[in-house]
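# need a 3D model of the following:
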Amino acid sequence: MKSFIHRFREKIAGVLSGWDRIRFRGTTRRVSNLSGMGSFLWEQKVLLKDFKGWAISLTEKLKRSTEQLAEQNGLKVQHVPSSSTRKETLARSLAGERWDRVGISSILSCTECCRTFSVGPNRDLKKLELRYHDSKCSHYYFYLRHPQWGPLHVRLQTWLPFSVHVCLNGRDWLGSEMVRRGLPHTQCDNTFTFVSDVAKAQRLLDRQLETNWERSLDRLLAQVFPVQRKLFDCPMMYYWSADETEWATDVMFHSAADLANLYPRLVQQGIQQFGGEDVLRFLGRPGTIRQQREAALQSDLKTRHEGVRIKHSLNRNSLKMYDKQKTVLRIETTVNDPRDMKAYRPTEGDPQGKPEWRRLRKGVSDLHRRAQVSQASNERYLEALSTVDDGQTLQEATASVCRPAIWSGGRARALNPLADHDAALLTAVNRGEFAINGFRNRDIVALLHGERPTNAAEAKRRAAQITRQLRLL
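Residues are numbered from 1 along each chain as shown. As a prediction, this is how the structure comes out:
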């Protein structure tokens, strides 16, 4: 990434790296599988023939609690007839001025797919059995503005096992923090086109990594699902995992013209020059294609209303490049399946044990490591893009060194890389052995003149000539 920023530093206003969209999933692990639910029913003395009535009673408690919550906030639960409806747009229109206030602004309900339990007959065994299967049920969507995180929404399943999804955006969180601290900026959707103090904004993004996610998400859930701790006769805690994360590196350009001139060549390089081995390397895998197991590796290009998007994907993880809001180049790593990545940690069952390189987990305890892996992916991609042909002519590329300069009160001639004597000088000073301890005047004399001088006057003349040539550099 440093090479890309250095090469185009005159066009770049700043760089921000941090979370974009994060979707958390909350599950009651104890009752989110057949064996766990079976054991729980046995402990609670709930017979399988009574399961349906017992489960419906829990759902009714949840629905009554939500209706009371809506009434307390001066809201009504709005039913959405189609799951394909863009719910955030509807929630924003219903909320009106409440959308920008801290607290719950809208509550929607919609029938959508889920995983839930039911009891049915097993004809072979001739007895009832508990089943865990795909179905459809009502879900609640709570749209609210968090005092720290900014706008977000919580999706709550109304049937057992009452799974929860929380969707928030790290860029909205940063925007809320900058407003609170009085830091001038311009935000368009989830993109910043101007930030007065980029270094301070980056420090705020870095502080997001210090969040105690488990405690913070538990508090958020208690706000929209207050009956949760009283729903069962015993405490039922949620396990929080990150279902999907997007980590974005935004390179902010000074002008739309600068990015518009460069972006087509970046897209061309990304789709034509980066092969399967490169994509594997970008996403932290060895740069060789192996045949031990099946994997989907592909690159594609799409034109969207925001601009042109290039996407490289490996299984369910991907690396994307956008041109956003005309002045921002976004490189974004999306992780849906972290098991393709590694974390140096002990086993989950022995936190004090010996750490080793193990599969990255979905749990929030490995979220910091996921951020490191995603940032490294973005940096490798930008580093590879730094070699792009930016379309400059030779005259434009050498303009900064091919003009006279004033040095110590006198005029120094321009450097001409195409002239034989200047080309020889540049070749000499760039020899590999000089990268360790540098070079001396006598070293360059020997390279440019070869044979030893015949007398002291000639040696002095050559040394003076090399001194004048080195002054040009």
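# which regions of the protein lie under the pLDDT threshold?
Across the chain, the ranges flagged by pLDDT under 70 are 287-294, 390-395.
# spatially central residue for the protein, please.
In the chain, the residue lying closest to the centroid (Cα atoms, centre = their mean) is residue 247, at 0.7 Å.
# quickly find the element holding that residue.
Using DSSP states H and E, residue 247 maps to strand 239-253.
# from the chain's centre, how far out does that strand sit?
How far strand 239-253 lies from its chain's middle: 3 Å, per Cα atoms, centre = their mean, to the nearest Å.
# begin at 16 from now on, thanks
I'll keep to 16 as the first residue from here, and by that count the last item is strand 254-268.
# what's it packed up against?
Applying 3 or more Cβ pairs under 8 Å, 6 or more residues apart in numbering; DSSP states H and E, we find strand 254-268 packed against strand 27-42, strand 206-210, helix 228-239, strand 343-350, helix 382-400. No exception for glycine: its C-beta is placed from N, CA and C like everyone else's.
# taking their axis directions, that strand and strand 206-210 sit at what angle?
50 degrees (axes from the mean of the first three to the mean of the last three Cα atoms, to 10 degrees).
# quick check: next helix or strand after strand 254-268?
Following strand 254-268 in sequence order, the next helix or strand is helix 271-287 (DSSP H and E).
# helix or strand right after that following helix?
helix 291-297.
# now do the contacts for residue 329.
294, 295, 298, 300, 310, 311, 312, 355 (Cβ atoms under 8 Å, 6 or more residues apart in numbering).
# swap in residue 61?
Here residue 61 is in contact with residue 69 (criterion: Cβ under 8 Å, 6+ apart).
# how about residue 284: what's its closest non-neighbour residue?
Spatial nearest neighbour of residue 284, chain neighbours left out: residue 403 (4.8 Å); criterion: Cβ to Cβ, 6 or more residues apart in numbering.
# is the one you found in a helix, a strand, or coil?
Going by DSSP: H, G, I helix; E, B strand; the rest coil, the secondary structure assigned to residue 403 is coil.
# would you confirm that it contacts residue 278?
No. Under the criterion of Cβ atoms under 8 Å, residue 403 makes no contact with residue 278, lying 10.0 Å away.
# bridged to the closest residue to residue 371 other than its chain neighbours, which residues?
Spatial nearest neighbour of residue 371, excluding adjacent residues (Cβ to Cβ, 6+ apart): residue 359 at 7.1 Å. As for beta bridges, residue 359 partners with residue 372 under DSSP bridges.
# the strands in the stretch 316-465 of the chain, which residues?
For the stretch 316-465 of the chain, the strands defined by DSSP state E, counting those that start in this stretch cover 323-329, 332-339, 343-350, 357-360, 371-374, 420-422, 425-427.
# could you dump these to a markdown table with distance to residue 164?
Output for these, formatted as a markdown table (distance: least, Cβ to Cβ, whole Å):
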| stretch | distance to residue 164 |
| --- | --- |
| strand 323-329 | 26 |
| strand 332-339 | 21 |
| strand 343-350 | 20 |
| strand 357-360 | 25 |
| strand 371-374 | 28 |
| strand 420-422 | 53 |
| strand 425-427 | 57 |
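# quick one, which of these gets closest to residue 124.
Taking Cβ to Cβ, strand 343-350 is the member of the strands of the stretch 316-465 of the chain nearest to residue 124, at 28.9 Å.
# list the helices and strands that closest one packs on?
If you count contacts as 3+ Cβ pairs under 8 Å, 6+ apart, strand 343-350 packs onto strand 206-210, strand 254-268, helix 271-287, strand 332-339, helix 382-400.
# listing partners with orientation, what would you give for it?
If you go by DSSP bridges, strand 343-350 pairs up with strand 254-268 (antiparallel), strand 332-339 (antiparallel).
# to residue 28, which of those lies closest?
Nearest to residue 28 among these is strand 254-268; the distance by Cβ to Cβ comes to 4.5 Å.
# tell me which residues of that closest one are tucked away?
By 16 or more other Cβ atoms under 10 Å, the buried positions in strand 254-268 come out as 255-257, 259-268.
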